[in-house]
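1. Everything below, folded, please.
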Amino acid sequence: MSATLLSAIERGVTEPSLRTLRSLAEVFGQSVSLLFDDPDAPAVHISVPGERTTIRAPRGHIHYERLSSSNGKLEMLRGVLEPGEVSSDEPWSHPSVESVYVTAGVLTVEVAGRDYEVRAGQAITIDSRQAHRYRNCSGDGVEFVLACAPPTP
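-> So this is what the prediction gives:
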């Protein structure tokens, strides 16, 4: 990671990718969720469109809006995948549980090499210790809400 990229992130000129966040957390020997943890997080948090933190991956990959506060216990994200986009190039695992509720479209959830199609109005819960990723194999956009405990973006 270049000094220029780090400086741009520090100055708020660019948003780091998930890969960059994972690399930064690894350097410090910490979980990615620690980068979002706010010890002063309020007991009540209202998520307001336009004011949410966003996490953007490289082009062709997922982007998220954070719906929850940074309390380090539960992460809620709104995910968007355009046709052909994926959450990551390869499935990966982490010690969490994820539950996904699809609000629009059809989300393909790959878990341990098996694909599950989850349609709008349906939900899926997975043990994230199994290698997984999210894909949009349809011709329409997909939107969903993801809850992850403990947080590991």
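2. Report the contact partners of the residue lying closest to residue 119 once chain neighbours are set aside.
-> The shortest distance from residue 119 to any non-neighbouring residue, by CB to CB, 6 or more residues apart in numbering, is to residue 106 (5.2 Å). Glycine gets a C-beta too; all of them are placed from N, C-alpha and C. Counting by CB atoms under 8 Å, 6 or more residues apart in numbering, residue 106 makes contact with 117, 118, 119, 120, 136, 137, 138, 140, 142.
3. Can you give me the distance of residue 106 to residue 143?
-> Distance check for residue 106 against residue 143: by CB to CB, to the nearest Å, it reads 11 Å.
4. sorry, back to before: among the contacts of residue 106, which one lies nearest to residue 95?
-> Closest to residue 95 out of those is residue 118 (22.5 Å), distances taken as CB to CB.
5. Number of residues surrounding the closest one?
-> Residues contacting residue 118 under the criterion other CB atoms under 10 Å number 19.
6. Next: the one 4 residues further on.
-> Per other CB under 10 Å, the neighbour tally for residue 122 reads 14.
7. try the one 5 residues further on
-> Residues contacting residue 127 under the criterion other CB under 10 Å number 13.
8. does residue 8 really touch residue 20, like I thought?
-> No - assessed by CB atoms under 8 Å, residue 8 is found out of contact with residue 20, at 10.6 Å.
9. quick one, which of those two is more surrounded?
-> residue 20 (17 against 14).
10. Quick check: mean pLDDT of the longest helix belonging to the chain?
-> Ranked by residue count, the top helix of the chain under DSSP state H comes out as helix 18-27. Averaged across helix 18-27, the pLDDT comes to 74.
11. Also stretch 62-78?
-> Mean predicted confidence for stretch 62-78 is 85.
12. Would you mark the buried spots in that stretch?
-> For stretch 62-78, the neighbour count (16 or more other CB atoms under 10 Å) marks 62-72, 75-78 as buried.
13. so which of the residues you listed comes closest to residue 128?
-> Of the buried residues of stretch 62-78, the one sitting nearest to residue 128 (CB to CB) turns out to be residue 75, at 11.4 Å.
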